[in-house]
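Student: Give me coordinates for this.
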Amino acid sequence: MTITVNGKTVHTDARSLHALIPDHTGRVVILNGFQTGDDLPVTDGDCVTVIEKGIFPPPDVLEAMMAARHSPGVFQKVKHARVAIAGLGGLGSHIAFALARTGVGHLHLVDFDTVEPSNLNRQCYRIRDLGKPKTQALAEQLADVNPYLTITTDCVRVTADNAATLFADDPFVCEAFDAPDAKATLIDAVLSHCPNSIVVAASGMAGYDSCNDIRTRRITDRLYLCGDGQTAARPGYGLMAPRVSVCAGHQANMILRLILGLDMP
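Tutor: Numbering: from 1, shown residues only. This is a model prediction of the structure:
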């Protein structure tokens, strides 16, 4: 029987977890994405991960351990994917973290702005990041979360003149801007000039109304829209971390589904 243990191929006659790993004490044992302490059967082709608590793992098994809670087959697909995130604020920074933790192999981060204090109420930055370009600050944090990422950054403002060139190599583009005109510019440019790209955009996530109003809709074969579609920020009604991060989660999950070939046109 051939199985995978901590990312490495193993040939064994063991037919159960206890036979394969006699002592579970102080260990996390994961079988095909499911953490368990039970003596479950092991069959040919299974993926087993054994993590010793409190011990920093060797570099040659760390990546397999990080992906251990994925469903079988998912990590292999997302590792080869490339996703662009246009706008690294409340939406974009959360999207980037979700995709990095999911194991997306190449992230293209695009934003012209720097981190300032009013960003901290909803964006994935820290006090120490104040004054840094968002592309730099986010790339540094993502490298601490997933050192196996390839990260490309463009510290520029997206315009109608440069959008098609910026995103020409990105099969999936997350629109994560605040301004409606910037959203429209990006979506129009990518749909018009990048025929192999799919856009996952957002509209409506301000304030503190019910998160259940946020949903994902397929608008065209190459455009998906996440949000409640109507709740914009305005004087007296700002942007808050919970709803913004929920909408970002919708976008990241839609990207994951597209990578895995689900909901594709």
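
Student: so what's the backbone phi/psi at residue 190?
Tutor: The phi/psi pair for residue 190 (degrees, to the nearest 10) reads phi -70, psi -40.

Student: Looks like it contacts residue 163 (just checking).
Tutor: Yes: applying C-beta atoms under 8 Å, one finds residue 190 in contact with residue 163, separated by 6.5 Å. No exception for glycine: its C-beta is placed from N, CA and C like everyone else's.

Student: more neighbours, those two?
Tutor: Remark: of residue 190 and residue 163, residue 190 carries more neighbours, 27 against 22, as counted by other C-beta atoms under 10 Å.

Student: Where does pLDDT dip in this protein?
Tutor: By pLDDT under 70, the low-scoring segments of the chain are 264-265.

Student: The same query, at a cut-off of 80, please.
Tutor: Within the chain, the stretches with pLDDT under 80 are 23-26, 263-265.

Student: Enumerate every residue touching residue 15.
Tutor: Residues near residue 15 by C-beta atoms under 8 Å, 6 or more residues apart in numbering: 1, 41, 42, 43.

Student: quick one: which of those residues is most hemmed in?
Tutor: In the contacts of residue 15, the most neighbours by other C-beta under 10 Å go to residue 42, 23 neighbours.

Student: Could you tell me how far that residue is located from residue 67?
Tutor: Counting by C-beta to C-beta, to the nearest Å, the gap from residue 42 to residue 67 is 19 Å.

Student: Repeat that for residue 61.
Tutor: 11 Å.

Student: Please apply the same query to residue 116.
Tutor: From residue 116 to residue 67 the distance is 35 Å (C-beta to C-beta).

Student: Closest to residue 80 out of the contacts of residue 15?
Tutor: Residue 80 lies nearest to residue 43 out of those, by C-beta to C-beta, at 26.6 Å.

Student: Look up the closest residue to the closest one, ignoring the ones flanking it.
Tutor: residue 1 (7.2 Å; C-beta to C-beta, 6 or more residues apart in numbering).

Student: was I right about that neighbour contacting residue 13?
Tutor: Yes: Residue 1 lies in contact with residue 13 (C-beta under 8 Å); the separation is 6.7 Å.

Student: for the lengthiest helix in the chain, packing partners?
Tutor: Taking DSSP state H as the criterion, the chain has its longest helix at helix 241-259. Contacts defined by 3 or more C-beta pairs under 8 Å, 6 or more residues apart in numbering; DSSP states H and E place helix 241-259 against helix 74-78, helix 90-102, strand 172-175, strand 198-202, strand 215-220, strand 223-227.
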